[in-house]
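A.B. asks: Would you be able to build a 3D model of this:
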Amino acid sequence: MKYYIQKNNFPLLLAMLLVLACQAQKKGNFSIEALGKTYALDNEKLINGLFYHLEKDQVTGGNTSIRNVDENHLEWKGNPKENGFGYFQRNRDLGQVFQVPAENDVVIDALVLRTSRGNNALMKGAVGSRLRVVFFEVDIPANKLLKINENGTTKGERATHGFDHQFNRADDFIEGVEYTFLKQFIGGIFPEIPFTDQYVYDRGRGESFGEQPGHLVFFKCDFDEKDEITLKAGRKYAFIIGFESPGIDRGLALAINTEVHTKEAAQFVKDELGAVRWGIRREGNGALPPKMVSMNEPPKKGILLNQLLKESMFPKNHFSTLKPTTDGYPDVDTYRTLQFYLEVRK
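C.D. replies: Okay, the predicted model is just below:
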């Protein structure tokens, strides 16, 4: 970007320097380290509400994934018997809303996450790819009410979409919330971990299964000390993580737990201190619901193909411009919690 400053125009120069300084404060650096299949809980670094621990047998799901696949390798969802039909699988970031306990402000030193139990726990294109982590402030405006929209399906009814339509919660999403961009961290390169190509568990489909080296691996996103972000006591925030640019097989699935698999009415998930929390995502260009067509194969060309592709790809600079949501297709994040650990600096 070039700036042309007229002679003796000091106020304009000062204003522009302030803008550049503000932009610099909203960007930091981080690195990613593989921790192996165990993670020791450290009471000096972990505070209730800022982590969610799962034992190995408590991890649910398989392929709740972040991905950024190039346009030529998007997967077409064309089987009417599967979950969702007639669209390109959309690129996705995933994250988590959490609340800082009321006692003290905290400085976030690192974020630890874990790969999943699915065959896409670690895809071939993940290793060596750059990721970004973004933090948001989460606010419930005074003129709005934080609530779960049940999408017209309540207790005991079938959902309109979602991983399993028999559960009415599968299409619920959260309303009355605003997300304000705070800071993005760049430069994290995913480390050398073997890719996965099967599920840990037997899905009853006659396919190979069993745990592989890339399953259920912890990895740490370590923020540079000079760039670490301070979060205020008693406030809600969120982080979201995703791949910086598209590529072939660029994705990984994260360890989660969810309270969606019930036929009970909507109810917020809460942390150990009673604060409401939920998962978030960003998919493609953010269009909801996405365009879907009753076709086993994607269109070969034309306006319809271009629309389907556009809705599945992230827009330019999406890390700082695309707002998160709990709503998605086919799944929602209203009742989902990532296995995560926000390590604080003491």
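
A.B. asks: The closest residue to Leu35 other than its chain neighbours and Gly49, how far apart?
C.D. replies: Distances taken as CB to CB, 6 or more residues apart in numbering put Phe218 closest to Leu35, at 4.0 Å, once the chain neighbours are dropped. All C-beta atoms are positioned from the backbone trio N, CA, C, and that covers glycine. Applying CB to CB, to the nearest Å, the value for Phe218 to Gly49 is 20 Å.

A.B. asks: Thr38 too?
C.D. replies: 23 Å.

A.B. asks: Compare neighbour counts for the two and give me the winner.
C.D. replies: Gly49 (20 against 9; other CB atoms under 10 Å).

A.B. asks: Was I right to think the more buried one contacts Ala275?
C.D. replies: Yes: between Gly49 and Ala275 there is a contact under CB atoms under 8 Å: 6.0 Å.

A.B. asks: List the buried residues for the strand ranked longest in the chain?
C.D. replies: Ranked by residue count, the top strand of the chain under DSSP state E comes out as strand 178-189. The neighbour-count check on strand 178-189 (16 or more other CB atoms under 10 Å) flags 179, 181-188 as buried.

A.B. asks: Farthest-apart pair in those, please.
C.D. replies: By the measure CB to CB, Tyr179 and Gly187 form the most distant pair in the buried residues of strand 178-189, at 23.1 Å.

A.B. asks: can you give me the helices for the stretch 1-150 of the chain?
C.D. replies: Shown for the stretch 1-150 of the chain, the helices assigned by DSSP state H, counting those that start in this stretch span residues 10-25.

A.B. asks: Low-confidence regions, it specifically.
C.D. replies: In the predicted model of the stretch 1-150 of the chain, residues 1-25, 80-84 satisfy pLDDT under 70.

A.B. asks: all strands for it, in order.
C.D. replies: 27-36, 51-52, 65-67, 76-77, 87-88, 92-99, 106-114, 130-139, 147-149 (DSSP state E, counting those that start in this stretch).

A.B. asks: what's the second one packed up against?
C.D. replies: Read that as strand 51-52. On a contact count with 3 or more CB pairs under 8 Å, 6 or more residues apart in numbering; DSSP states H and E, strand 51-52 meets strand 340-344.

A.B. asks: 10 Å instead, please
C.D. replies: Secondary-structure packing of strand 51-52 (3 or more CB pairs under 10 Å, 6 or more residues apart in numbering; DSSP states H and E): strand 92-99, strand 340-344.

A.B. asks: what's the answer for the fifth one, then?
C.D. replies: Helices and strands touching strand 87-88, as assessed by 3+ CB pairs under 10 Å, 6+ apart, comprise strand 76-77, helix 303-312.

A.B. asks: quick revisit: mind putting the helices and strands packed on strand 51-52 in a markdown table, mean neighbour count included?
C.D. replies: Listed next are the helices and strands packed on strand 51-52 as a markdown table, based on neighbours: other CB atoms under 10 Å:
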| stretch | mean neighbour count |
| --- | --- |
| strand 92-99 | 24 |
| strand 340-344 | 22 |
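
A.B. asks: Kindly reformat the ones you listed as JSON lines containing distance to Glu207.
C.D. replies: Shown next, in JSON lines, are these (distance: least, CB to CB, whole Å):
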{"stretch": "strand 92-99", "distance to Glu207": "24"}
{"stretch": "strand 340-344", "distance to Glu207": "30"}
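
A.B. asks: For Ala34, which of those strands is the nearest?
C.D. replies: By CB to CB (comparing all of these), the closest turns out to be strand 340-344, at 14.8 Å.

A.B. asks: Quick check: neighbours of the closest one in the sheet, parallel or antiparallel?
C.D. replies: Each strand paired with strand 340-344, and its direction, by DSSP bridges: strand 51-52 (antiparallel), strand 106-114 (antiparallel).

A.B. asks: Surely Leu304 touches Phe88?
C.D. replies: No: shown here, Leu304 and Phe88 do not form a contact pair, counting by CB atoms under 10 Å, at 11.6 Å.

A.B. asks: so where's the stretch 151-300 of the chain uncertain?
C.D. replies: Applying pLDDT under 70 to the stretch 151-300 of the chain flags the ranges 159, 161-163, 165-166.

A.B. asks: Please repeat the previous calculation with a cut-off of 90.
C.D. replies: The stretch 151-300 of the chain contains residues with pLDDT under 90 at 151-172, 259-266, 288-292, 294-296.

A.B. asks: Can you tell me the closest non-neighbouring residue to Val138?
C.D. replies: Closest to Val138 by CB to CB, 6+ apart is Lys236, at 3.9 Å.

A.B. asks: Report the contact partners of the one you found.
C.D. replies: Contact analysis of Lys236 by CB atoms under 10 Å, 6 or more residues apart in numbering lists 97-100, 136-140, 146, 177, 179, 275-277.

A.B. asks: Specify the beta-bridge partners of it.
C.D. replies: For Lys236, the beta-bridge partners are Gln99, Val138 (DSSP bridges).
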